[in-house]
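Asker: Here you go, sequence then predicted model.
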Protein chains: 2
Amino acid sequence: MPVRLDTRDPDFDSRFAALLGAKREAAADVEAAVRAIVDDVRARGDAALVELTEKFDRLELPAGAAGLRVTADEIAAAVAACPPEDVAALTLARDRIEAYHRRQIPADQRFTDALGVELGYRWTPVEAAGLYVPGGTAAYPSSVLMNAVPAKVAGVARLVMVVPAPGGRLAPLVLAAAHLAGVDEIYRVGGAQAVAALAWGTQTIAPVDKIVGPGNAYVAAAKRIVFGKVGIDMIAGPSEVLIVADGTANPEWIAADLLAQAEHDTAAQSILITTDAALAAAVEKAVESQLATLPRETIAGASWRDHGAVILVETLDRAVALADAVAAEHLELAVADPEPLAARIRHAGAIFVGAHTPEAIGDYVAGSNHVLPTARSARFSSGLGVLDFMKRTSLLRCGPDQLAALGPAAVTLARAEGLEAHARSVALRLASTAGAS
Amino acid sequence: MPVRLDTRDPDFDSRFAALLGAKREAAADVEAAVRAIVDDVRARGDAALVELTEKFDRLELPAGAAGLRVTADEIAAAVAACPPEDVAALTLARDRIEAYHRRQIPADQRFTDALGVELGYRWTPVEAAGLYVPGGTAAYPSSVLMNAVPAKVAGVARLVMVVPAPGGRLAPLVLAAAHLAGVDEIYRVGGAQAVAALAWGTQTIAPVDKIVGPGNAYVAAAKRIVFGKVGIDMIAGPSEVLIVADGTANPEWIAADLLAQAEHDTAAQSILITTDAALAAAVEKAVESQLATLPRETIAGASWRDHGAVILVETLDRAVALADAVAAEHLELAVADPEPLAARIRHAGAIFVGAHTPEAIGDYVAGSNHVLPTARSARFSSGLGVLDFMKRTSLLRCGPDQLAALGPAAVTLARAEGLEAHARSVALRLASTAGAS
């Protein structure tokens, strides 16, 4: 039974706060174990990788580290083994993701200010990036595209994918997605050991500069540990959807969207906020009936029962305030006039505007990225994009006149901070320039 | 004695790699202690803050947590106590930093593709940000401006500064900088406890969404721990400068710039790369003579002796490759024709172009940000800027026709991934639309 709230209830605020604050994932304390794995890979390289892969993935590597790399033949065979309609759909997705992300390529700036100081900045791509792809049932080809395509659009020259192959199995469609996205190297290795290899490098896997992609608690802990040595993307938490609906919404569609989120994970969260009590009741009923025939009924049912919520509000204004407080990864606006509402939302990973935009369209083929900030982190972070694979270098140029104009203030501040060598580096030039003129 | 390398030496590559890999800071293992402090503040709020402040900063707070906030009267008194020329220089710096960062405000996008799908994204500011400012000798008013001004330019409504007041002392110029930058709240609290308070909130300090600013090992560890609950900026390491110079460079100026970096910290690093052996010798001599009269001679001398390096190269081409390998926080190009060189550099926090652009100009008054990626992290990260205080929300809108065009591919991919509820959320709408037409 999902939580039912009504903004008119006297205890609404505290119950809503409890909903926001509820822990949906047990934080497994894997820190010490992960640190040992990272240190081992850093110290012993390939030898550690091979041993850990045999141990955790039950994958024998008779040729040792030479067997880690997935070969071009294996990739070609995987592509050939995929149903052609799946490859066609992936190709459509790839093309649309690429077109969308090309618009994110940032512009450089170079300008001269009133004093004649030349200022600006320049964006350049990260040279090498690593993409973690989970194995088993969580190996989603769509996620490969969503992580790899922005890297390639950014201009990353070397894009390395790591994916565990438990018992030797790799999903063909995952390899096909990597191939379509232009991934340069693929290694059958996963867990904290794969993250460590990407960060520190081994004899077989050259190190990268940035690591992205989702993973379990071990992978997340490893990313946190190597952060600083390399860049990382966000630490992903359980996924969520918030749907704001009025009386015009189709309860069957809303129920389907709530369940699409819920089927990901028992820790996923689906929330409906509506002005219409009859719709709320109809949606709850539709969820129960749709659940009955869902292959992942157990997962989706647990998510809906344990973390689902239906919130009745008196006005859509109130819905906006609540949506900002939730700062949902996915926000659907299934209302008669969604644009004014969309314009007022401040915190959300992605907004799906209007009744004909189910989140699943954004998950696969719209072109926007489905790697979005979870667990209220849309308050301070963005979905994955081209900027995650680029960095900005400042450029600054003074001539003697500009140094004469700005230098004295720099000298004053340097001395106020007790940094005399800073002051002298400017003052020496000022003295020399004054002497020359 | 700095390391002396020459690209013609047979062992150059290994010695250069050793220079890059050398650890300049002992990584204090404060993790467990910091975790206890963070947990304590999270559990007990103000009471823990007051106790920890008394303990670590030797600061009695007779009024308890009510004494944490720095009052408007105290701030006004601090501004009045500063030398007017210092305040004038800070004001010039503030204005230039603001003008530079206004150019970083990103543009939103909204467009309609060939299928009629409406796509785009919108940037919005983080609502509340926290700025950590170290106490004691490392309390730099210029750093307050560099962290606070971009937040205000981004549109952050609530900007909170925390600064330890060891023995009750706060630097007046730090408070003046906060005032000039538009900081909204200031609390006299520091260390891991201040970071925990910003992340989780206490009765007195409301939580923020993002925490920026430099700090010691305790502060860095605390930021790493709260990352995810809030956003953080980079984990700053020891600072460095790399100067590329040819025979036209003035050895006294270059020596002064190397020492300006070295005086920060014994772990700071100053590297000269030059094509001219005579210049190298002259610079080393000038460093020794300038050191003799430097107030921070002990610190700068230790940094230069332990981490300094002078590298002779045969060509400036080679200097570009080495500079990219170093990926320095600060890169000065003191050569006759610096622009072509600047254009070829791929990895650097900031480039100071030409002989009249000492790094200290960028530290204070140029307008660009002096919070830059250290310890080779310019390979994957950027200096602080407006984007660090904003986040991007994707926008997506389909109508029935767009869903009809894209929906089948989404259904195919959802089923390929075993996510039937995703498929149904699209298929239900397709069926209904097909029926309606």
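Answerer: Looks like it arrived, so ask away.
Asker: In chain A, which helix is the longest?
Answerer: Using DSSP state H, we find that the single longest helix of chain A is helix A:84-102.
Asker: Packing partners of the helix or strand just after that one?
Answerer: As assigned by DSSP states H and E, the chain's next helix or strand after helix A:84-102 is strand A:109-112. Secondary-structure packing of strand A:109-112 (3 or more C-beta pairs under 8 Å, 6 or more residues apart in numbering or on different chains; DSSP states H and E): strand A:118-125. In this view, the C-beta of every residue, glycine as well, is placed from N, C-alpha and C.
Asker: ok, now how distant is A:Asp337 from chain B?
Answerer: Distance from A:Asp337 to chain B, counting by C-beta to the nearest C-beta, to the nearest Å: 13 Å.
Asker: mind listing the strands in the stretch 151-300 of chain A by residue range?
Answerer: Using DSSP state E, counting those that start in this stretch, the strands found in the stretch 151-300 of chain A span residues A:158-162, A:185-187, A:210-212, A:231-232, A:240-245, A:269-274.
Asker: Bridged to A:Gly130, which residues?
Answerer: A:Val160, A:Ile211 (DSSP bridges).
Asker: Touching, it and A:Val208? I think so.
Answerer: Yes: counting by C-beta atoms under 8 Å, A:Gly130 touches A:Val208, with 4.1 Å between them.
Asker: So the residue positioned nearest the centre of chain A: helix, strand or coil?
Answerer: For chain A, A:Val371 is the residue whose C-alpha lies nearest the centre (C-alpha atoms, centre = their mean; 3.9 Å). With DSSP: H, G, I helix; E, B strand; the rest coil as the basis, A:Val371 sits in coil.
Asker: Chain neighbours aside, what residue packs nearest to it?
Answerer: The shortest distance from A:Val371 to any non-neighbouring residue, by C-beta to C-beta, 6 or more residues apart in numbering or on different chains, is to A:Leu384 (3.7 Å).
Asker: how deep is that neighbour tucked in, by neighbour count?
Answerer: The local packing of A:Leu384 (other C-beta atoms under 10 Å in any protein chain shown) involves 23 other residues.
Asker: For it, give me its contacts.
Answerer: Contact partners of A:Leu384, counting by C-beta atoms under 8 Å, 6 or more residues apart in numbering or on different chains, are A:Met146, A:Asn147, A:Pro150, A:Val212, A:Asp233, A:Asn369, A:Val371, A:Leu372.
Asker: Give me the distance between A:Leu19 and chain B.
Answerer: Applying C-beta to the nearest C-beta, the value for A:Leu19 to chain B is 17 Å.
Asker: For A:Ala88, which residues are in contact?
Answerer: Contact analysis of A:Ala88 by C-beta under 8 Å, 6+ apart lists B:Ala409.
Asker: So what does the residue nearest to A:Val163 when sequence neighbours are not counted have for phi and psi?
Answerer: Leaving aside its chain neighbours, A:Val163 sits nearest to A:Val133 (4.1 Å; criterion: C-beta to C-beta, 6+ apart). The phi/psi pair for A:Val133 (degrees, to the nearest 10) reads phi -120, psi 120.
Asker: re the thing from before, and the residue nearest to the centre of chain A, how close does it get to A:Val365?
Answerer: Noted for A:Val371: a distance of 15 Å to A:Val365, by C-beta to C-beta, to the nearest Å.
Asker: Also A:Leu272?
Answerer: Distance of A:Leu272 to A:Val365, given as C-beta to C-beta: 25 Å.
Asker: same thing with A:Glu314?
Answerer: Per C-beta to C-beta, A:Glu314 is found 37 Å from A:Val365.
Asker: Check which helices and strands the helix or strand hosting A:Val426 is in contact with.
Answerer: Using DSSP H and E, A:Val426 maps to helix A:420-436. Applying 3+ C-beta pairs under 8 Å, 6+ apart, one finds that helix A:420-436 contacts helix A:400-416, helix B:251-262, helix B:359-364.
Asker: Among those helices, which comes closest to A:Arg44?
Answerer: Ranking the helices and strands packed on helix A:420-436 by proximity to A:Arg44 (C-beta to C-beta) places helix B:251-262 first, at 36.0 Å.
Asker: count of neighbours near A:Leu20?
Answerer: For A:Leu20, the count of nearby residues is 12 (other C-beta under 10 Å).
Asker: you'd agree it is in a helix?
Answerer: Yes: assessed by three-state DSSP, A:Leu20 belongs to a helix.
Asker: about what we covered before: mean confidence for the longest helix of chain A?
Answerer: Mean pLDDT, computed over helix A:84-102, is 98.
Asker: then it to PDB, C-alphas only?
Answerer: Extracted C-alpha coordinates of helix A:84-102, given in PDB (Å, rounded to 0.1, in the frame of the first residue of the first chain):
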ATOM      1  CA  PRO A  84      18.000  -6.800 -36.500                       C
ATOM      2  CA  GLU A  85      15.000  -4.800 -35.100                       C
ATOM      3  CA  ASP A  86      16.900  -4.300 -31.800                       C
ATOM      4  CA  VAL A  87      20.000  -3.100 -33.600                       C
ATOM      5  CA  ALA A  88      17.800  -0.800 -35.700                       C
ATOM      6  CA  ALA A  89      16.200   0.700 -32.600                       C
ATOM      7  CA  LEU A  90      19.600   1.100 -31.000                       C
ATOM      8  CA  THR A  91      20.800   2.900 -34.100                       C
ATOM      9  CA  LEU A  92      17.900   5.300 -34.100                       C
ATOM     10  CA  ALA A  93      18.500   6.000 -30.400                       C
ATOM     11  CA  ARG A  94      22.200   6.500 -31.000                       C
ATOM     12  CA  ASP A  95      21.500   9.000 -33.800                       C
ATOM     13  CA  ARG A  96      19.000  11.000 -31.800                       C
ATOM     14  CA  ILE A  97      21.300  11.000 -28.700                       C
ATOM     15  CA  GLU A  98      24.100  12.300 -30.800                       C
ATOM     16  CA  ALA A  99      22.000  15.000 -32.400                       C
ATOM     17  CA  TYR A 100      20.800  16.200 -29.000                       C
ATOM     18  CA  HIS A 101      24.200  16.200 -27.400                       C
ATOM     19  CA  ARG A 102      25.900  18.100 -30.200                       C
END
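Asker: between it and strand B:118-125, how many degrees?
Answerer: If you take axes from the mean of the first three to the mean of the last three C-alpha atoms, to 10 degrees, helix A:84-102 sits at 50 degrees to strand B:118-125.
Asker: closest point of the stretch 51-200 of chain A to chain B, which residue?
Answerer: Residue nearest to chain B within the stretch 51-200 of chain A: A:Ala89 (4.0 Å; C-beta to the nearest C-beta).
Asker: circling back to that earlier point, any common contacting residues for A:Gly130 and A:Val208?
Answerer: Common contact partners of A:Gly130 and A:Val208 (C-beta under 8 Å, 6+ apart): A:Val160, A:Leu198, A:Val230.
Asker: Pick out the lowest-pLDDT one from the residues you listed.
Answerer: pLDDT across those is lowest for A:Val230, at 95.
Asker: if I pick the nearest residue to that residue once chain neighbours are set aside, what's in contact with it?
Answerer: What sits nearest to A:Val230 in space, not counting adjacent residues and going by C-beta to C-beta, 6+ apart, is A:Ala199, at 4.8 Å. Residues in contact with A:Ala199 (C-beta under 8 Å, 6+ apart) are A:Val38, A:Pro207, A:Val208, A:Ile211, A:Val226, A:Lys229, A:Val230.
Asker: For stretch A:17-36, what does the pLDDT average out to?
Answerer: The average pLDDT for stretch A:17-36 rounds to 85.
Asker: Next, the buried residues of that stretch.
Answerer: Buried residues in stretch A:17-36, counted by 16 or more other C-beta atoms under 10 Å in any protein chain shown: A:Leu19, A:Arg24, A:Val30, A:Glu31, A:Val34, A:Arg35.
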